[in-house]
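# Output the structure for:
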Amino acid sequence: MIRIVSLTDAGQRLGERLQRKLPDSELWFKPKPFTETVQQAFKQGDRLILICATGIAVRTLAPVLGNKHQDPAVLVLDEQGQFVIPLLSGHEGGANDWANEVAEVIDGQLVMTTAKPYLRPIYTVGMGCERNCPEAELQQLLARCLSQAGLTLDSVDSISSIDIKADEVGLLSLAAKLGKPYVVWDKAQLATVESLLSTKSDYVFKTVGVYGVAESAALYSAQQHTGESAELVLVKQKTAKATCAIARSYPAADS
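Numbers count the residues shown, from 1 in each chain. From the prediction side, this is the model:
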């Protein structure tokens, strides 16, 4: 869910424009109590567009900040819609790319302060699942993850997993249906990105030899595309039978 928060009449008009353009969004005009309302939305994982001063946004959210792997994306806009600033979770939460999309919607200027904003990243999806997991469950999970990361399917380069899933029917059929390459890696390859995982599962390690299939596969695939380090855009998300994570890697500046 996207919560658009405005505090002035001009901000309300901008918020109404955004609400018409952004699916699954809701406009809050001068919500009361302001601080508690915005903090609660943030804590429950809603993406926020705050049409207010950056200082107000920072002071409001500072007490409830967790970490870049879990906090939802937050954008700050001026009430005229001239500037769009990805304030929180720029990389991992997808705020940078989302801010670019919002800037295009309102013909505003993206103001990005995080690293490598001028390079086009490669996004890769990693997935794991129980044997014979239905394709429908995998597709629903992937759609949810893309939405959480503020990405579209067109942004995704490939879907990947561990080599013991090379013949997993659901993953194979999903990749084919979506027109994406399906790539698998062995545990020795996936182990090279172990330090980048958000969490490590001893159970998964005992079962397949790596501490996390979805995150490892996404990270390793992203690195192979650019030859550069990768980072998680969305940490592992789960259903009863499947896991999914999204990673990104930027090409070298001179490539």
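# For the residue nearest to the spatial centre of the chain, which residues are in contact?
Closest residue to the average C-alpha location of the chain: residue 149 at 2.1 Å, with Cα atoms, centre = their mean. By Cβ atoms under 8 Å, 6 or more residues apart in numbering, the residues touching residue 149 are 93-94, 233-234, 246. In short, each C-beta sits where N, CA and C put it, glycine included.
# what do you get for residue 73?
47-48, 86, 88-90, 93-95, 98, 150.
# Please repeat the previous calculation with a cut-off of 10 Å.
With contact set as Cβ atoms under 10 Å, 6 or more residues apart in numbering, residue 73 has these partners: 2, 46-49, 86-90, 92-99, 148-150.
# And for residue 54?
Counted by Cβ under 10 Å, 6+ apart, residue 54 has contacts 76, 78, 83, 85, 87.
# hang on, the earlier thing: which one of the contacts of residue 149 is nearest residue 213?
residue 246 (13.7 Å; Cβ to Cβ).
# And for residue 154, the neighbour number?
Using other Cβ atoms under 10 Å, residue 154 has 7 other residues around it.
# Also residue 66?
Residue 66: 11 neighbours (other Cβ under 10 Å).
# Then it would be within a helix, right?
No. Under DSSP: H, G, I helix; E, B strand; the rest coil, residue 66 falls outside any helix and is assigned coil.
# you'd agree it is up against residue 42?
Yes. Residue 66 is in contact with residue 42 according to Cβ atoms under 10 Å; the separation is 9.3 Å.
# can you list residues touching both of the two?
With Cβ under 10 Å, 6+ apart, residue 66 and residue 42 have common neighbours residue 72.
# what does the strand or helix carrying residue 19 rub up against?
When elements are assigned from DSSP states H and E, residue 19 belongs to helix 9-21. For helix 9-21, the external contacting residues (Cβ under 10 Å, 6+ apart) are 2, 4-8, 25-30, 49-52, 75, 77-82, 101-102, 104-106, 108.
# The residues you listed in helices, which ones?
101-102, 104-106 (DSSP state H).
# just the buried members of the residues you listed?
Buried members of those, scored by 16 or more other Cβ atoms under 10 Å, are 101-102, 106.
# Pull the contacting residues for residue 169.
Here residue 169 is in contact with 131-135 (Cβ under 10 Å, 6+ apart).
# Same question for residue 192.
Going by Cβ under 10 Å, 6+ apart, residue 192 touches 185, 216, 219-220, 223.
# go on, residue 61?
Shown in contact with residue 61 (Cβ under 10 Å, 6+ apart): 35, 38-39, 42-43, 48, 50, 71, 74, 87-88.
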